[in-house]
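Engineer: coords please:
(chains A and B)
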2 protein chains.
Amino acid sequence: MDIAIPIYDDFTALDAVGPYEVLSRLPGARVRFLSAEPGPVRTDNGMLTLLAEDALADVPAPEVLVVPGGVSASHFARDPVYVDWIRAAHETAEWTTSVCSGALLLGAAGILDGLKATTHWLDYEELASFGALPVPTRVVEQGRIITSAGVSSGIDMALTLAARIAGDDVAKAIQLGIEYDPQPPFPMENDEAMRERVVAMLGA
Amino acid sequence: MDIAIPIYDDFTALDAVGPYEVLSRLPGARVRFLSAEPGPVRTDNGMLTLLAEDALADVPAPEVLVVPGGVSASHFARDPVYVDWIRAAHETAEWTTSVCSGALLLGAAGILDGLKATTHWLDYEELASFGALPVPTRVVEQGRIITSAGVSSGIDMALTLAARIAGDDVAKAIQLGIEYDPQPPFPMENDEAMRERVVAMLGA
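Structural biologist: From the prediction side, this is the model:
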């Protein structure tokens, strides 16, 4: 199974690496990180660099597409190199997926028009600007398109996808293999004060 | 806050990238990926390459140490370049932590002797060989040493650590920022049949 993860400067590492860690464990999986040109791609905080080993143009028809988000997602949602590639790859892909603001690139490619979709809670409005119907759900399945919420949600999305591709038992074994039995230290607090704190940290 | 993540060939990407994604959001954080020599480091399945931008020797005294695991952890637990660096860095570090089989490197450095610790469920026996007392808990705190269970547990560990370093409100904001409100598609099944399936997948 040929899985492509397009990355771009200032993407968010966990958006990509969460699904990679799950999907690379599918029997016969081949995961490739792609970029406009092969080479190093720096993440949003400048502290980590991943290598894209192939150009987007070299992998025109992956079976699975995972588009991560990042602070630069709005920018790359206007970059035809990425958007045209996504639109074309989606035509033949078995599954087209996004994590976090990666949904904006799917939206820009015109493939979320009229569909329910999710993204990071900060980006619902921009997602709607592409004709998508934002829903505050962690993983949203619409046929062969699956979108997921902020950053860490890509792990849940990818386990859901693994089950669709290879069956529940394989997905459960992957879940046990990566010991995904999460115990967040805090209950989720998504009130106005906490959201302001997050936005302030982003601006820092 | 100077945070060091030593990586090595055949490490598991999510072990490192989960905590990186959390800890890089701490105010004033500087996360560096280190290796014996600076350069590309390939993950366990050969499908992803991260860049280590500094040599271990160039960062002798980080304030926080996060040691990821991988199929090669047993091997690197016998490599003095890594083990001696960990032992020395731990002397001055405020926090020494591990994810998954990264605990074996801490064990080999002699810093888990007589302490409760955790690791991937496959590695309890080897962890005990270093004098540690393995416990099947997701995150184990022993003073300034924190170990965590398999792969994905590094996210929980890092949020716990973020709270210790910067307080609960900062940790909660990071949790909301990465939208860590996990909803695994399956309940955790850790019975004999499922464990055998995981081991078979590792051997594939």
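Engineer: Could I get the buried residue list for stretch A:10-25?
Structural biologist: For stretch A:10-25, a neighbour-count test (16 or more other Cβ atoms under 10 Å in any protein chain shown) marks A:10-25 as buried. For glycine as for every other residue, the C-beta is placed from the backbone atoms N, C-alpha and C.
Engineer: So which of the residues you listed sit within helices?
Structural biologist: If you go by DSSP state H, those have A:13-23 in helices.
Engineer: so which of the buried residues of stretch A:10-25 are also by chain B?
Structural biologist: Residues of the buried residues of stretch A:10-25 in contact with chain B (Cβ under 8 Å from any Cβ of the partner chain): A:12-14, A:17-18, A:20-21, A:24-25.
Engineer: Got the confidence number for A:D156?
Structural biologist: We have a pLDDT of 98 for A:D156.
Engineer: what about the helix or strand bottoming out on mean pLDDT in chain A and chain B, touching?
Structural biologist: For chain A, the helix or strand with the lowest mean confidence is helix A:192-203, at a mean of 88 (criterion: mean pLDDT, DSSP states H and E). Yes. Using Cβ under 8 Å from any Cβ, helix A:192-203 reaches chain B at A:194-195, A:197-198, A:201-202.
Engineer: Of these, which is the nearest to B:T97?
Structural biologist: Here the nearest of the residues of helix A:192-203 next to chain B to B:T97, counting by Cβ to Cβ, is A:M201; it sits at 21.7 Å.
Engineer: Could you tell me which residues make contact with that closest one?
Structural biologist: B:25, B:27, B:173-174, B:177 (Cβ atoms under 8 Å, 6 or more residues apart in numbering or on different chains).
Engineer: run the last query once more with 7 Å
Structural biologist: Contact analysis of A:M201 by Cβ atoms under 7 Å, 6 or more residues apart in numbering or on different chains lists B:25, B:173, B:177.
Engineer: A:I111 now?
Structural biologist: A:87, A:90, A:96, A:145.
Engineer: Neighbour-wise, which one of these leads?
Structural biologist: Within those, most neighbours by other Cβ atoms under 10 Å in any protein chain shown means A:T96, with 25 neighbours.
Engineer: Specify the beta-bridge partners of A:V140.
Structural biologist: A:T147 (DSSP bridges).
Engineer: so it touches A:T147, yeah?
Structural biologist: Yes. Look at A:V140 against A:T147 with Cβ atoms under 7 Å: they come within range, at 5.0 Å.
Engineer: With neighbour numbers in mind, choose between those two.
Structural biologist: It is A:T147, of A:V140 and A:T147, that has more neighbours when counted by other Cβ under 10 Å, with 31 against 24.
Engineer: State the phi and psi torsions of the nearest residue to A:A128 once chain neighbours are set aside.
Structural biologist: Nearest non-adjacent residue to A:A128, counting by Cβ to Cβ, 6 or more residues apart in numbering or on different chains: A:P134, 5.4 Å away. Per-residue torsions, A:P134: phi -60, psi 130 (degrees, to the nearest 10).
Engineer: who does the residue most central in space within chain A bridge with?
Structural biologist: For chain A, the residue nearest the mean C-alpha position is A:V99 (2.6 Å; Cα atoms, centre = their mean). Residues in a beta bridge with A:V99, per DSSP bridges, are A:S148.
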